[in-house]
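> predicted model and sequence below, questions to follow.
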Amino acid sequence: MQKSNKLVIVIVILVVTSLAITLRSFGQEPSPETGKPQTETKKATPPQPNPPGPQPDFSKNTWELPADAEKTKNPIEATEESVAKGKELYLAKMKGNCVFCHGETGAGNQENLPKLRRTPADLSNKEHIAGMSDGELFWKISKGINGIMPAGEKRMTEEERWHVVNYVRRLSKESGVINEER
Ligand code: HEC
């Protein structure tokens, strides 16, 4: 082979390699792990539907109250006005809606009973309600039980919940009298 031919081959090789390097640098950065250009994007995983299986179990849920809930003092005197406001809230669908589960007398709404996950407490039981302080009633009405009794604080102001406490106490006494008369 002639000397000039060899030179041509060397030049061609140099040109081809430099061209290859130039073209590659126009493409995407090489992947740090593989060194290969990241031309393929990672396949997106489709959104997973909710895992199949049974509905959440609410049967063990119970009150989650502050440790000293029962010590909370009732700032609202149980005047006739307060009790009347409490009754309105107890019955109002968009407020307490207590009547849906506890019924008008507090002894339970028979019509809705089959739809409920748990039998409501009997608010017409004078002794049972008398065994709880206003503070305890207030916290129970405010927080409810997840999946069992709605948290009253979501739809009623603090003041409104105290009116409901005053009404529940009145209801238990009045319903108690009605029950005794039966
Ligand atoms: C969806 C049904 C439902 C609604 C609505 C509801 N409750 Fe209840 N409530 C229950 C059930 C069930 C219990 C019994 C929970 C338990 O002790 O396991 C209960 C218990 C109670 C207790 C008794 C607490 C105890 O320790 O014995 C009070 C007081 C009470 N509810 C008041 C109210 C008031 C006031 C409202 C309206 C602001 C209301 N509830 C709305 C279902 C309901």
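Alright, I've got the coordinates. Since we're looking at a predicted model, the values are computed, not measured.

> alpha carbons only for contacts and neighbour counts from here, please
OK.

> what about residue 121, how many neighbours?
14 (other CA atoms under 10 Å).

> please read the previous query as pertaining to residue 96.
25.

> go on, residue 103?
Neighbours of residue 103 (other CA under 10 Å): 22.

> residue numbers of the protein in contact with the ligand?
90, 96-98, 100-101, 118-121, 137, 141, 148-150, 152, 164 (CA under 6 Å from any ligand atom).

> centroid residue for this protein?
Geometric centre of the chain, nearest residue: residue 146, 8.3 Å, by CA atoms, centre = their mean.

> pretty sure that one is touching residue 60, no?
No: Residue 146 is beyond contact range of residue 60, at 10.0 Å (criterion: CA atoms under 8 Å).

> so which strand or helix has residue 169?
helix 158-181 (DSSP states H and E).

> what distance do you get for the nearest residue to residue 160 once chain neighbours are set aside to residue 95?
Ranked by CA to CA, 6 or more residues apart in numbering and with sequence neighbours excluded, the top spatial neighbour of residue 160 is residue 86, at 7.0 Å. Distance from residue 86 to residue 95, counting by CA to CA, to the nearest Å: 10 Å.
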